[in-house]
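Novice: Just to be clear, the model below is a prediction. Sequence and coordinates:
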Amino acid sequence: MMTKLYLAIPCYNEEEVLRDSAEKLNNKYNEMMAEGKISPDSKIVFIDDGSKDKTWSTISELHKENPVFQGIKLTRNRGHQNALLCGLMTLKDKADAVISIDADLQDDINVFDEMVEKYENGCDVVYGVRSKRATDTFFKRFTAEAFYKILNKMGAKVIFNHADFRLMSKRALEAFSMYKETNIFLRGMVPLVGYKSDVVKYERAERLAGESKYPLKKMLALAWEGITSLSIQPIRMITWLGAIIFAISLVIIVYSLVRFFIGATVSGWASTLCSIWALGGLQLLAIGVIGEYIGKIYLETKRRPRYIVEEFLED
């Protein structure tokens with residue numbers, strides 16, 4: 001039995017690349033269908049994450065022109081992770097397997113065949129992993145590699161050089177649907193499912209048009225989201241830092257008492273001010289990190305919907 005493969009493609013202001021990407025994806029699907037690798041009922045689904053340009057009207061036109069294209073429209077912008085989650089959860093009951101990929105097609109669609117093959121050989125999750133970063137600038141390469149290393153050090157276990165290009169089986173998606181948290185970081189959450197997985201390696205192409213949806217500022221925000229959503233390591237670090245500073249303060253107290261009793265005390269403003277500023281800054285940092293976690297608890301307890309679908313263009 002051929003695999004019914006769906007694509008989940010989150011889109012935000014992607015009108016410049018959408019038609020070109022749709023044509024390439026359609027050609028790839030036709031090729032895989034002709035070779036008997038996927039079912040003729042397979043679909044390509046775009047998820048419009050509250051775009052401000054003509055992204056949704058383009059998706060609607062594509063759907064009218066070719067039924068292989070489907071569209072999901074969110075009521076408002078909810079962010080890449082929530083839009084992708086919406087696609088995965090909406091399609092899990094319709095497909096045998098779902099591949100998530102960004103609309104700019106910087107990820108290599110030619111590895112779809114290998115992903116499907118690994119799925120048919122028993123893998124429930126197949127991660128797309130970049131083999132190298134030759135197209136990146138030194139700064140981009142350095143920050144991206146630091147991103148993965150810091151996440152892993154902080155306890156958010158992620159696949160190195162993997163973003164959100166992956167295949168998930170129906171079984172994996174069903175299991176993933178049991179994760180109900182509001183603060184989501186998909187590339188750190190998917191490995192928690194625990195089913196058999198594998199990787200395919202590919203080279204990432206340069207973006208055809210438009211702007212990257214993950215500049216440095218958003219990458220840092222995503223890293224912080226991943227760390228605080230999946231790990232309490234920052235709080236533990238503050239605890240250890242507090243213990244170290246307390247130990248140092250005990251040494252300073254003993255030193256000060258000794259100096260006092262031998263009559264060698266010298267009043268100094270510099271050391272006093274430095275200690276006040278250092279401890280004050282540390283306390284504010286600690287309160288900020290703890291506040292971040294309390295804020296996440298606050299959002300989780302509200303149980304607000306992670307997304308709301310306004311329209312679903314299907315057959």
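Specialist: Structure's in. What do you need?

Novice: The stretch 101-250 of the chain: helices as residue ranges?
Specialist: Taking DSSP state H, counting those that start in this stretch, the helices of the stretch 101-250 of the chain run over residues 112-120, 138-153, 170-176, 186-189, 216-230, 233-261.

Novice: Strands of this protein, start to end?
Specialist: Counting by DSSP state E, the chain has strands at residues 5-11, 43-48, 69-74, 97-100, 125-130, 162-169, 197-202, 309-313.

Novice: out of those strands, nearest to T239?
Specialist: strand 162-169 (31.1 Å; Cβ to Cβ). Just so you know, the C-beta spots here come from the backbone N, C-alpha and C atoms, and that holds for glycine as well.

Novice: now the closest one against strand 125-130, angle please.
Specialist: 150 degrees (axes from the mean of the first three to the mean of the last three Cα atoms, to 10 degrees).

Novice: Mind exporting the C-alpha coordinates of strand 162-169 to PDB?
Specialist: These are the backbone C-alpha positions of strand 162-169, laid out as PDB (Å, rounded to 0.1, in the frame of the first residue of the first chain):
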ATOM      1  CA  HIS A 162      18.100  20.100  12.500                       C
ATOM      2  CA  ALA A 163      15.300  22.800  12.400                       C
ATOM      3  CA  ASP A 164      11.700  21.800  11.600                       C
ATOM      4  CA  PHE A 165      12.300  19.800   8.400                       C
ATOM      5  CA  ARG A 166      11.100  16.300   9.400                       C
ATOM      6  CA  LEU A 167       8.700  13.500   8.600                       C
ATOM      7  CA  MET A 168       6.400  12.200  11.300                       C
ATOM      8  CA  SER A 169       4.200   9.100  11.100                       C
END
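
Novice: Would you mind listing the outside residues contacting that strand?
Specialist: 80, 84, 88, 96-102, 107, 115-116, 118-119, 123-130, 176, 186-187, 190, 195, 199 (Cβ atoms under 8 Å, 6 or more residues apart in numbering).

Novice: coming back round to it: indicate which one of the strands of the chain is closest to E181.
Specialist: Closest among those, using Cβ to Cβ: strand 162-169, at 17.1 Å.

Novice: is it true that Y6 touches V45?
Specialist: Yes - proximity of Y6 to V45 meets the contact threshold set by Cβ atoms under 8 Å, at 5.9 Å.

Novice: so what's in contact with those two at the same time?
Specialist: L91.

Novice: what stretches of the stretch 101-250 of the chain score poorly on pLDDT?
Specialist: 133-145, 147-148, 150-156, 206-232, 246, 249-250 (pLDDT under 70).

Novice: can we see that at 80?
Specialist: The stretch 101-250 of the chain contains residues with pLDDT under 80 at 131-161, 182-185, 188, 204-250.

Novice: okay, now V129: neighbour count?
Specialist: The tally of other residues near V129 (other Cβ atoms under 10 Å) stands at 18.

Novice: Just grab the bridge partners of it for me.
Specialist: With DSSP bridges as the criterion, V129 is bridged to H162, K201.

Novice: and it, what does it touch?
Specialist: When contacts are taken as Cβ under 8 Å, 6+ apart, V129 is in contact with 159-162, 199-202.

Novice: now do L25
Specialist: Applying Cβ under 8 Å, 6+ apart, the residues near L25 are 7, 44, 105, 109.

Novice: how about CSV for those, with distance to I235 added?
Specialist: Putting the contacts of L25 into CSV (distance: Cβ to Cβ, whole Å) gives the following:
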residue, distance to I235
L7, 39
I44, 43
L105, 40
I109, 41
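
Novice: hmm, which two among those are most spread apart?
Specialist: Among the contacts of L25, I44 and L105 lie farthest apart (Cβ to Cβ), at 11.6 Å.

Novice: higher neighbour count, those two?
Specialist: For I44 versus L105, neighbours defined as other Cβ under 10 Å are more numerous around I44 (24 against 19).

Novice: Surely Y127 is in contact with I159?
Specialist: Yes - look at Y127 against I159 with Cβ under 8 Å: they come within range, at 5.0 Å.

Novice: Between those two, which is the more surrounded one?
Specialist: Neighbours per residue, other Cβ under 10 Å: of Y127 and I159, the larger number sits with Y127, 26 against 19.

Novice: Okay, that one and K37: tell me how far apart.
Specialist: Plainly put, Y127 is 20 Å away from K37 if you go by Cβ to Cβ, to the nearest Å.
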